[in-house]
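[1] What follows is a predicted protein model with its sequence.
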Protein chains: 2
Amino acid sequence: MQKKNIDTSTEEKIKAAARTVFYKKGFAATRTRDIAEEAGMNLALLNYYFRSKARLFELIMTETLSGFVQKIISVLNNEKTSLEKKIEQIASEYIDLIIEEPEIPTFIVSEIRNHPEAMLKRIPVKQAFLHSFFIQQYQKAVSEGKITEPNPVHFILNLLGLVVFPFIAKPMVMAGMGLTKSQFTQLMQERKKSIPLWTKAMLKAK
Amino acid sequence: MQKKNIDTSTEEKIKAAARTVFYKKGFAATRTRDIAEEAGMNLALLNYYFRSKARLFELIMTETLSGFVQKIISVLNNEKTSLEKKIEQIASEYIDLIIEEPEIPTFIVSEIRNHPEAMLKRIPVKQAFLHSFFIQQYQKAVSEGKITEPNPVHFILNLLGLVVFPFIAKPMVMAGMGLTKSQFTQLMQERKKSIPLWTKAMLKAK
DNA sequence: GCCAAATTTAATCATTTGTTTAAATCAGAT
DNA sequence: ATCTGATTTAAACAAATGATTAAATTTGGC
């Protein structure tokens, strides 16, 4: 009957190949034949295991997006860590994550622009963010005068901008500044320590 | 013979339509028929005025990219403005520019990933940046102890990250934070004043 | 008003691409 | 060993798409 788990490998190989190709080229520029070739298998298998290119893509996108968002939500909702610690954790963990999978940020922003609602309604970020423990912490710190910027949205935008933007701009940064791959990675490593310092300084700016 | 400048309008209409569609959907997802329809004209005109979809795209991309880069280069090379003033100028002018054309940042990062070399070798940023007046200013300020972060690349990444990232993440921010279009624009307006404050605080962080 | 060149149109081509089909092969239960 | 259903393959289809062609129309100088 079933070919056991060993043959989940076929399905899994296709998914892995799809991830690779979609990450690199995006949905529209990806040919189903590219995925089949990357996976080293017959074209018809894509439609045998997944119903269509679109469904395969949705699968990859949902997994990717939810993994990416989940991480920050869980940090923000940790009731045992200070604001400072949360900053350090987000900077450090996201930079490591993105160094591992450098194409994810550009993949996400590129693809979401085409179907923002469809992609985002699947992931309930709004609830999770607006009612997070972090929000309480932040507002408390504001009322205690420890933070000058009252709007936590700015804070999150700033932190994520410092962390994620360099990776999104990577090709331009490397060309514009004349950096090698390893020099770029080195720079990003430095930022794991610097971003918390910068962010904390920003919080007290006025 | 020639239909005068009035008929540059046809050529110009096609370019405008191409800009609109390419900005919104990217090269791969754009159909030449989409552009023709957007311009309200016959499909064959695209190939009559421009040789192909690819050439039309290159034209739009080069103009867009060079306009975008030019702005920062000219600010950085202004020998009459202080570092502080440069920060204020970049924040203010880029935010205004991007509010006018909100799709440009995502367009640029999405499309450059597919042909980084091809797109970037056309624009000589490296020279212009590494030898800019700004670099001298920055290094002087570092040696005078006014700035703690010695690497100007970090500084530029930070400033552009604070300015550009929110627009790139716009769909996620709006969905995740539950914002309307005008609330989002309002937030961005606030940042014209805040980013200089934040950036200056970062420069002195240690 | 007429002509030559420029512009525009409608129709068609050739290729690419997502998907389907039907046959072949394989794995494992009996 | 054989049979059944799952898996894989090769081939083909239909629609979409970038590009071209040849004919029609328009433009401006004479």
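    Good, I have the coordinates.
[2] hmm, who's touching the worst-scoring helix or strand of chain A on mean pLDDT?
    The weakest-scoring helix or strand in chain A, judged by mean pLDDT, DSSP states H and E, is helix A:116-120 (a mean of 79). If you take C-beta atoms under 8 Å, 6 or more residues apart in numbering or on different chains as the criterion, helix A:116-120 is touched by A:61-62, A:65, A:111-112, B:171-172, B:175-176. (Glycine included, C-beta is placed from N, CA and C.)
[3] One more pass at 7 Å, please.
    Residues outside helix A:116-120 that contact it (C-beta atoms under 7 Å, 6 or more residues apart in numbering or on different chains): A:61, A:65, A:112, B:171-172, B:175.
[4] Name the helix or strand for the residue positioned nearest the centre of chain A, please.
    Nearest to the mean C-alpha position of chain A, by C-alpha atoms, centre = their mean, lies residue A:68 at 4.0 Å. In this structure, residue A:68 is located in helix A:53-76 according to DSSP states H and E.
[5] And that helix, what does it pack against?
    Identification of packing neighbours for helix A:53-76 by 3 or more C-beta pairs under 7 Å, 6 or more residues apart in numbering or on different chains; DSSP states H and E yields helix A:8-29, helix A:83-100, helix A:104-112.
[6] Mind doing that once more with 6 Å?
    helix A:8-29, helix A:83-100 (3 or more C-beta pairs under 6 Å, 6 or more residues apart in numbering or on different chains; DSSP states H and E).
[7] for the longest one, the distance to its chain's centre please.
    Distance, stretch centre to chain centre, for helix A:8-29: 17 Å (C-alpha atoms, centre = their mean, to the nearest Å).
[8] buried sites along it?
    If you call a residue buried by 16 or more other C-beta atoms under 10 Å in any protein chain shown, then helix A:8-29 has these buried ones: A:13-15, A:17-27, A:29.
[9] ok, now the last one?
    In terms of neighbour count (16+ other C-beta under 10 Å), helix A:83-100 has its buried residues at A:83, A:86-92, A:94-95, A:97-98.
[10] Need the per-residue pLDDT for residue A:206.
    Listed pLDDT for residue A:206 reads 79.
[11] And the residue of chain A closest to DNA strand C?
    Per C-beta to the nearest atom of the strand, the residue of chain A with the smallest distance to DNA strand C is residue A:52, at 3.0 Å.
[12] Would you mind naming the helix or strand containing residue A:197?
    Per DSSP H and E: helix A:181-203 holds residue A:197.
[13] ok so, going back, pull out the CA atoms of the least confident helix or strand of chain A and give them to me as CSV.
    The C-alpha trace of helix A:116-120 is given here as CSV (Å, rounded to 0.1, in the frame of the first residue of the first chain):
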residue,chain,number,x,y,z
PRO,A,116,-1.3,41.0,0.4
GLU,A,117,-4.7,40.0,1.7
ALA,A,118,-4.5,36.4,0.6
MET,A,119,-1.2,35.9,2.3
LEU,A,120,-1.6,37.8,5.4
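[14] List the buried residues in it.
    A:119-120.
[15] Can you report how many residues lie near residue A:140?
    Using other C-beta atoms under 10 Å in any protein chain shown, the number of residues around residue A:140 comes to 12.
[16] For DNA strand D, see how far away it is.
    Distance, residue A:140 to DNA strand D, by C-beta to the nearest atom of the strand, to the nearest Å: 53 Å.
[17] What of residue A:28?
    Taking C-beta to the nearest atom of the strand, one finds residue A:28 at 9 Å from DNA strand D.
[18] do the same with residue A:82
    Using C-beta to the nearest atom of the strand, we find residue A:82 at a distance of 50 Å from DNA strand D.
[19] Check residue A:95 too.
    From residue A:95 to DNA strand D the distance is 37 Å (C-beta to the nearest atom of the strand).
[20] and stretch A:136-144, which residues are buried?
    Applying a neighbour-count criterion of 16+ other C-beta under 10 Å, one finds A:137-138, A:142 buried in stretch A:136-144.
[21] now the helices and strands packed on helix A:53-76 as a markdown table including mean pLDDT and distance to chain B?
    Shown next, in a markdown table, are the helices and strands packed on helix A:53-76 (pLDDT from 0 to 100; distance: least, C-beta to the nearest C-beta, whole Å):
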| stretch | mean pLDDT | distance to chain B |
| --- | --- | --- |
| helix A:8-29 | 94 | 4 |
| helix A:83-100 | 97 | 12 |
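[22] Adding distance to residue A:48, write these out as CSV.
    Listed next are these as CSV, based on distance: least, C-beta to C-beta, whole Å:
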stretch, distance to residue A:48
helix A:8-29, 9
helix A:83-100, 31
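[23] show me the contacts for residue A:18.
    Residues near residue A:18 by C-beta atoms under 6 Å, 6 or more residues apart in numbering or on different chains: A:35, A:56, A:60.
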